[in-house]
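K.L.:
Predicted structure and sequence below. I'll ask about it afterward.
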Amino acid sequence: GRSFLKKSISSVILQTYKNWEIIFFDNCSSDSSILIAKSFKDKRIKIFKANKSLKLYDARNQAIKYAKGKYITFLDTDDFWGRRKLTTQINFLNKKKLKFCYSNLKLKFKNKKKLFITKKKNIIIPTQSLLNEYDIGILTVMAERKLFLQNKFNKKYEIIGDFDLFIRLSEITQIGYVNECLATYRIHSTNLSKKNMISFSLYQLA
C-alpha cells in the first residue's frame, strides 16, 4: 500500500547518514508509486521506469546500473530501515576493511509484535555457514557497487536470485555481519515474491 511506500522512503530520508541517492525503479506498476516518490520533492530520489514489465532480478540489475554511489543497498517498497542503518554499516565496512555486510533485522507481522531473528555473533560469515543456514535479508545488505559490475543477479530466477548472487559473492569477498536490527521486514500475504527470505529465515525465530 501507499502508506508502506511512504514509510519506506521516509526511512531513507530520516537516515543519520545523508549522502545517499534513491534509485526508484518503477517496474511498470499500476498504482501511484511514482507519484508518491515524486511527492517527497527530494533531488536525491531519482526515478526510472522500465519500458516493459521485468522479472524481479532483471529489475534489480537494471536499477543497479543507474546507481552512482560507492555502495549499493536494497529496500523494497513495504520494508523500512532504522535511522542509523547507513551510518552503522559504512562505519563497519570501513573499520573492518570489507566490501559486503548485512545485519540482523526485525520481522513485522500484520497484527503482531516485531520478532527478532536470533543470529550468530561472528563477524565474518563463511560461504559454508551461509549454505548451512542462509539468513541474509536483502534489505539489510550493503555492498560495494564494483561487486555488481561483474556479478549480476541471475534474471532466470524468480525467488532465489539474491541467495544465488550473495553465495557467489561470498566466494570472492568476505561477508561481514552486524548483529544489530537495522531494518524491518514486513510479512503479509501479498509479498509472495519475498518467499525466499521468509522460508530461509523463519525457522530461526527464537
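P.N.:
Arrived safely. Values in this document were obtained by computation on a predicted structure and should not be read as measured data.

K.L.:
Please make it C-alpha for all contacts and neighbour counts, starting now.
P.N.:
OK.

K.L.:
in this structure, which helix or strand is least confident?
P.N.:
Between all helices and strands in the chain, the lowest mean by mean pLDDT, DSSP states H and E belongs to helix 195-201, at a mean of 44.

K.L.:
Counting neighbours, what do you get for Tyr157?
P.N.:
Tyr157: 14 surrounding residues under other Cα atoms under 10 Å.

K.L.:
residues contacting it?
P.N.:
Contact analysis of Tyr157 by Cα atoms under 8 Å, 6 or more residues apart in numbering lists Tyr57.

K.L.:
Give me the three-state assignment for it.
P.N.:
Of the three states, Tyr157 takes coil according to DSSP: H, G, I helix; E, B strand; the rest coil.

K.L.:
which residues in this structure form helices?
P.N.:
For the chain, helices defined by DSSP state H occupy the ranges 2-13, 33-39, 56-66, 85-96, 127-132, 147-150, 161-170, 195-201.

K.L.:
Quick one: residues in contact with the longest strand belonging to the chain.
P.N.:
When the chain is parsed with DSSP state E, its longest strand is strand 175-187. Contacts to strand 175-187, defined as Cα under 8 Å, 6+ apart, come from residues 78-85, 89, 92-93, 98-110, 116, 119-126, 139-140.

K.L.:
among those residues, which are in strands?
P.N.:
80-81, 100-109, 116.

K.L.:
Those residues: which two are farthest apart?
P.N.:
Maximum pairwise distance in the ones in strands among the contacts of strand 175-187, criterion Cα to Cα, is 28.1 Å, between Phe100 and Phe109.

K.L.:
is Ile45 in a bridge, and if so with what?
P.N.:
Taking DSSP bridges, one obtains Ile22 as the residues bridged to Ile45.
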